[in-house]
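Colleague: Okay, here's the prediction I keep looking at, along with the sequence it came from:
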Amino acid sequence: MESKLTNKKIIFGTDGWRGIIDEEINFNSVEVVAQAFADYLHEKYVNPRAAIGYDGRKYSREFAEIFAKVLSGNKIEACLSDKIIPTPVLSYYVKKFSLSAGAMITASHNPPQYNGIKFKAHYGGPFFTEETQIVENLLGKSTIKKDDKMVIYTNMLEPYIEHLKNYVDFKKIKEANLLALIDSMGGAGNLIIANLLKNFDIESSTIFGKPDENFYNRYPEPIEKNLAPLKENLRQSKYSIGLALDGDADRCGVMLENGEWLNVQYLILILMRYAIEKRGFDGHLVKTASVTGKANKFFETENRKVLDTQVGFKYLCEKMLSYKIAAAFEESGGFGFANHIPERDGILSNLLVLEALADSGCKKMSEFYNEQKKYFGEIFYKRIDIEYLEDDRIELLPNLAKSNPSIIGNFKVINFAEYYSSRGVINGLKFYLEGDSRWALIRASETEHLLRIYAEGQSVMETVEIINSCLNLLGIYDKRI
């Protein structure tokens, strides 16, 4: 059978392809992507082998089975997960067992009406842009072939669990006698953290631990506005900390035991410090451009760099493969660590937060946070998302780069970085301003009518001033804050 879909209908973004279920992602379109993926594998490998995982969204299991059958029909051994799994579980399996690649059926933290596909490379991390483009260019080029002769149902979770048992210091957590409340948000994180803790006789509780295709009527992104149930449950009991996972468990969120949200910028600094000072992870640190400049101030040394990349974990992954990296961080709660996989992992991240709390000697996350805040000081950071409906959205940043502004918010521009889309267009500009932890980042979405402006300064007023100055530079005066 030949597909009527063309590659114009399926466009992969920074982290895979996502679409509305039935309208965009359906049985037919999944077959088309799977066939292109099979063609890609045959172009790159002799006797390729691949793994396929899936989350708990509508049709995820069925889409995964279709994907596996198409690979099998193309004479590719297809290891298909025997259950719902998190994305990092698939990535770890691909790397550990030296497979050619992997495909994960998930729309990550997107709303329930979405599903999607992420590609994972042999190193256990996201495809680079160039590799994704090769698959895109193969969409609809071949007749779809399917059978189940080379489909192997596989327990991918077990080797991942065994790895974490040796990676995380569960003895330290147990001795600290902490009680964690975990919100899996109805996603693929399931009861994995709770079961790991239980293996070491560590008590915990989980809410929304059973996967649900509607995520119990929430958006499965672990940010403050979506975690009202976790906040409420924390307030009602004597927990030490609240931990949350997104839909495919590759991102994390943390709450203090009193239900207060832990700002991700502080969370990143806490984990950086723990990874370097207590776990002794060797190497440089890498972060996306939207992460606080305090990382540079506190952790950059003669021998350790703090590297910036554009937003998207695949750019962090590139650094993790090119340099010796201790840890990698993005503002959206995706973190990766040395001696694991070049991939964000919400499960490991949450366990390391719990380990850091145990190591601190504090019984409550609020006590630990207050200690860290004294060390790092205040963070004055703000991000705004602006709906922008004009036709020149994609031209705004290239034009701004040409104008080469020397002042933003009354601060001298010391340096700036240009970030490019997969199609070679500037879609991000970061301006480094005079002084510590003072910068502005402007990003234009390729797929949505959105502009995002991020800023950090030395006070609330400074940060607002920087954002408003960026809006002035873009000629957008009615969105000033």
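Modeller: Structure's in. What do you need?
Colleague: and stretch 428-448, how far out from the chain's middle?
Modeller: 19 Å (C-alpha atoms, centre = their mean, to the nearest Å).
Colleague: In it, which residues are buried?
Modeller: 428-433, 437-446 (16 or more other C-beta atoms under 10 Å). All C-beta spots, glycine's among them, are computed from the backbone N, C-alpha and C.
Colleague: Distance across it, terminal residue to terminal residue?
Modeller: The first and final residues of stretch 428-448 sit 15 Å from each other (C-alpha to C-alpha, to the nearest Å).
Colleague: Among the buried residues of stretch 428-448, find me the one that's closest to residue 39.
Modeller: Nearest to residue 39, judged by C-beta to C-beta, of the buried residues of stretch 428-448 is residue 446 at 25.2 Å.
Colleague: Give me the pLDDT for that closest one.
Modeller: Model confidence at residue 446, expressed as pLDDT, equals 69.
Colleague: swap in residue 341?
Modeller: pLDDT, residue 341: 98.
Colleague: How many neighbouring residues does it have?
Modeller: Using other C-beta atoms under 10 Å, residue 341 has 24 neighbouring residues.
Colleague: Show me where the stretch 351-481 of the chain has its strands.
Modeller: Per DSSP state E, counting those that start in this stretch, the stretch 351-481 of the chain carries strands over the ranges 380-387, 407-408, 411-420, 426-433, 439-444, 450-457.
Colleague: Can you add distance to residue 144 and give these back as a markdown table?
Modeller: Shown next, in a markdown table, are these (distance: least, C-beta to C-beta, whole Å):
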| stretch | distance to residue 144 |
| --- | --- |
| strand 380-387 | 39 |
| strand 407-408 | 52 |
| strand 411-420 | 33 |
| strand 426-433 | 33 |
| strand 439-444 | 36 |
| strand 450-457 | 35 |
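Colleague: Tell me which of these lies nearest to residue 121.
Modeller: Between the strands of the stretch 351-481 of the chain, strand 411-420 lies closest to residue 121; by C-beta to C-beta that is 20.6 Å.
Colleague: Can you tell me how far residue 405 is from residue 384?
Modeller: From residue 405 over to residue 384 the distance is 19 Å, taken as C-beta to C-beta, to the nearest Å.
Colleague: coming back round to it: tell me the two of the buried residues of stretch 428-448 that are most distant?
Modeller: Between any two of these (C-beta to C-beta), the greatest distance is 28.9 Å, for 437 and 446.
Colleague: sorry, back to before: and of the strands of the stretch 351-481 of the chain, who's closest to residue 207?
Modeller: Comparing the strands of the stretch 351-481 of the chain by C-beta to C-beta, strand 380-387 comes nearest, at 27.8 Å.
Colleague: quick one: strands adjacent to the closest one?
Modeller: When pairing is defined by DSSP bridges, strand 380-387 lines up against strand 450-457 (antiparallel).
Colleague: coming back round to it: what's the most buried one of the strands of the stretch 351-481 of the chain?
Modeller: strand 439-444 (a mean of 25; mean count of other C-beta atoms under 10 Å).
Colleague: Report the inter-axis angle for that one versus strand 450-457.
Modeller: 180 degrees (axes from the mean of the first three to the mean of the last three C-alpha atoms, to 10 degrees).
Colleague: If you count residues, where's the longest helix of the chain?
Modeller: Scanning the chain for the helix with the most residues, using DSSP state H, yields helix 27-44.
Colleague: Need the residues that contact the helix or strand just after that helix.
Modeller: The helix or strand immediately downstream of helix 27-44 is strand 49-54, counting by DSSP states H and E. Outside strand 49-54, the residues that touch it by C-beta atoms under 8 Å, 6 or more residues apart in numbering are 37, 41, 60-61, 63-64, 67-68, 71, 76-81, 84-85, 87, 89-90, 93-94, 97, 99-106, 120, 154, 156.
Colleague: In ChimeraX, how would I select just the buried ones from those residues?
Modeller: Typed into ChimeraX, the line below selects the buried ones among those, using 16+ other C-beta under 10 Å:
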select :37,41,60,61,63,64,67,68,71,76,77,78,79,80,81,84,85,87,89,90,93,94,99,100,101,102,103,104,105,106,120,154,156
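Colleague: Okay, now the unreliable bits of the stretch 101-250 of the chain?
Modeller: Counting by pLDDT under 70, not a single residue of the stretch 101-250 of the chain qualifies.
Colleague: Which parts of it are helices?
Modeller: Taking DSSP state H, counting those that start in this stretch, the helices of the stretch 101-250 of the chain run over residues 129-138, 157-167, 170-176, 192-199, 228-236.
Colleague: Most tightly packed of the ones you listed?
Modeller: By mean neighbour count, with neighbours taken as mean count of other C-beta under 10 Å, helix 192-199 ranks first of the helices of the stretch 101-250 of the chain at a mean of 19.
Colleague: report the angle between the axes of that helix and helix 157-167?
Modeller: Using the same axes, to 10 degrees: helix 192-199 against helix 157-167 is 60 degrees.
Colleague: what separates helix 192-199 from the chain centre, distance-wise?
Modeller: Worked out by C-alpha atoms, centre = their mean, helix 192-199 lies 22 Å from the chain centre.
Colleague: same for it, what does it pack against?
Modeller: helix 157-167, helix 170-176, strand 180-183, strand 204-207, helix 346-360 (3 or more C-beta pairs under 8 Å, 6 or more residues apart in numbering; DSSP states H and E).
Colleague: With distance to residue 224 as new columns, can these be given to me in JSON lines?
Modeller: Output for the helices and strands packed on helix 192-199, formatted as JSON lines (distance: least, C-beta to C-beta, whole Å):
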{"stretch": "helix 157-167", "distance to residue 224": "27"}
{"stretch": "helix 170-176", "distance to residue 224": "25"}
{"stretch": "strand 180-183", "distance to residue 224": "12"}
{"stretch": "strand 204-207", "distance to residue 224": "16"}
{"stretch": "helix 346-360", "distance to residue 224": "16"}
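Colleague: looking at these, which is closest to residue 307?
Modeller: Residue 307 lies closest to helix 346-360 among those, at 19.2 Å (C-beta to C-beta).
Colleague: got the angle between that closest one and helix 157-167?
Modeller: Using the same axes, to 10 degrees: helix 346-360 against helix 157-167 is 20 degrees.
Colleague: Could you check how far helix 346-360 is from the centre of its chain?
Modeller: 17 Å.
Colleague: need the contact list for residue 310.
Modeller: With C-beta under 8 Å, 6+ apart, residue 310 has these contacts: 288-289, 419-420, 428.
Colleague: same question but for residue 314, I mixed them up
Modeller: 14-15, 125-129.
Colleague: what helix or strand does residue 254 sit in?
Modeller: Residue 254 belongs to strand 252-256, assigned by DSSP H and E.
Colleague: That strand packs against which elements?
Modeller: With 3+ C-beta pairs under 8 Å, 6+ apart as the test, strand 252-256 has helix 228-236, strand 241-245, helix 346-360, helix 365-376 packed against it.
Colleague: try 10 Å this time
Modeller: strand 180-183, helix 228-236, strand 241-245, helix 264-273, helix 346-360, helix 365-376 (3 or more C-beta pairs under 10 Å, 6 or more residues apart in numbering; DSSP states H and E).
Colleague: Out of those, the one nearest residue 299 is which?
Modeller: helix 264-273 (5.7 Å).
Colleague: Next, the angle from the closest one to strand 450-457.
Modeller: 60 degrees.
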